[in-house]
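# test case, fold it:
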Amino acid sequence: MCDYSLEGLPNRLAVRGEQLVTHRFVTGSIGMASPLDIVAANERRGWWSALRCWLNPRAELNRIPAVCIPPGARLRMSSVPENLRKGYDLRCVEEVAFVQLSANAYRYRDAIRFNNGRQETLQALSEGIAFEVLSLDLRERESQPEALIPVCLDEVG
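Modelled structure (predicted):
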């Protein structure tokens, strides 16, 4: 779902096949967003929009909706950062499960679980990491054939 820290922002549910990236929202929290929404919020729409943004830069950024992902959803994480690859023994591209670590109030709870069982909160990830939504629940995942996962160029050889 969407972390408690993103509740005051516009939000929507993820869609299967959608491309997402980690994004730092105006709340300071890392969550998922559509790259298209980020680009649209950063584009200038003319003189008046530029003036409004100059007077209140956070107003434009507040329009980027957080994309909520249900626990159990499967995602493909592209370009896994090198620090995670080395620290968690991962490949360049990994399939991950979206998990909720806790239901406690005022605690970050959104995380990803790698196939090796290691977990990381979204807050520990950097901005701009690309994900593709493969499935939104376990039943959908079980009915899909296994996909081929590409390897990193630096892993070959």
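
# where in this protein is pLDDT low?
1, 4-5, 43-50, 52-54, 56-62, 138-157 (pLDDT under 70).

# give the buried residues for stretch 21-33.
Of the residues in stretch 21-33, 21-23, 25-27, 29-33 count as buried by neighbour count, 16 or more other CB atoms under 10 Å. (C-beta placed from N, C-alpha, C; glycine too.)

# and those residues, which is closest to residue 116?
residue 22 (20.3 Å; CB to CB).

# tell me the contacts of the residue nearest the centre of the chain?
The residue lying closest to the centre of the chain (CA atoms, centre = their mean) is residue 32, at 3.2 Å. With contact taken as CB atoms under 8 Å, 6 or more residues apart in numbering, residue 32 is in contact with 14, 20-23, 66-69, 122, 131.

# export the helix or strand containing it as CSV, just CAs?
For residue 32, the host element (DSSP states H and E) is strand 30-33. What follows is strand 30-33, C-alpha atoms only, in CSV (Å, rounded to 0.1, in the frame of the first residue of the first chain):
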residue,chain,number,x,y,z
ILE,A,30,10.7,7.8,-0.7
GLY,A,31,7.9,6.1,-2.5
MET,A,32,6.9,4.9,-5.9
ALA,A,33,5.8,7.3,-8.7
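
# what is the subsequent helix or strand relative to that strand?
Strand 30-33 is succeeded, C-terminally, by helix 35-42 (DSSP H and E).

# wait, doesn't residue 8 sit right on residue 27?
Yes - between residue 8 and residue 27 there is a contact at 7.0 Å, judged by CB atoms under 8 Å.

# and stretch 120-129, end to end?
13 Å (CA to CA, to the nearest Å).
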